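**Student:** this one's structure only:
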């Protein structure tokens, strides 16, 4: 994602071989949990280059071949990106060791903190919830949807 030349070449090669580009999903992200005053410059660059520049690079490479562009804005999603020691400690200081020790269940206080983000009474969305939104946008049912920011956020943005 971070190599603009390689991304553009991959997209152009795919279009040349397959005839068109129907969908691009830029689903990448990394998180750094260091405090701003202790985070290394390299960690910052890695995060920005993946989360922002990488997404832009893929979208820019796809634009000459695309007609519609939409974005999905999810709430917290039940993946390793949020189910981890650093996030637990960020939301509930001291709760992180539960993740480190392989607890199969998210501590109740952490789940409650996640619920506090959303207007709907859920702690997080499941990956399938986001996938279904992608499928809708690229399906025949979504053929006239363009320029949309689709919030799959359990009401978090409205809260």
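**Tutor:** Arrived safely, thanks for sending. Quick caveat: nothing in here was measured; it's all calculated off a predicted structure.
**Student:** List the residues that contact the residue lying closest to residue 71 once chain neighbours are set aside.
**Tutor:** Of all residues beyond its chain neighbours, the one nearest residue 71 is residue 149 (5.1 Å), with distances taken as Cβ to Cβ, 6 or more residues apart in numbering. Yep, even glycine has a C-beta here, placed from its N, CA and C like the rest. Applying Cβ atoms under 8 Å, 6 or more residues apart in numbering to residue 149 gives the contacts 70, 71, 73.
**Student:** What are the neighbouring residues in contact with the nearest residue to residue 11 once chain neighbours are set aside?
**Tutor:** Excluding the flanking residues, the one nearest residue 11 by Cβ to Cβ, 6+ apart is residue 61, at 4.6 Å. Taking Cβ under 8 Å, 6+ apart as the criterion, residue 61 is in contact with 4, 7, 8, 10, 11, 12.
**Student:** Please apply the same query to residue 125.
**Tutor:** Each residue near residue 125 by Cβ under 8 Å, 6+ apart is listed here: 74, 75, 76, 77, 78, 152, 153, 154.
**Student:** Can you report phi and psi for residue 44?
**Tutor:** Main-chain dihedrals, residue 44, degrees, to the nearest 10: phi -60, psi -50.
**Student:** Just give the number of residues close to it.
**Tutor:** 13 (other Cβ atoms under 10 Å).
**Student:** any idea which helix or strand comes after the helix or strand of the chain with the lowest mean pLDDT?
**Tutor:** Of all helical and strand segments in the chain, the minimum by mean pLDDT, DSSP states H and E falls on helix 97-100, at a mean of 69. Next helix or strand after helix 97-100 toward the C-terminus (DSSP states H and E): helix 108-115.
**Student:** what's next to the helix or strand just after that next one, contact-wise?
**Tutor:** Moving toward the C-terminus from helix 108-115, the next helix or strand (DSSP H and E) is helix 127-138. Identification of contacts with helix 127-138 by Cβ under 8 Å, 6+ apart yields 22-23, 25, 70, 72, 74, 77-79, 142, 145, 148, 150, 152.
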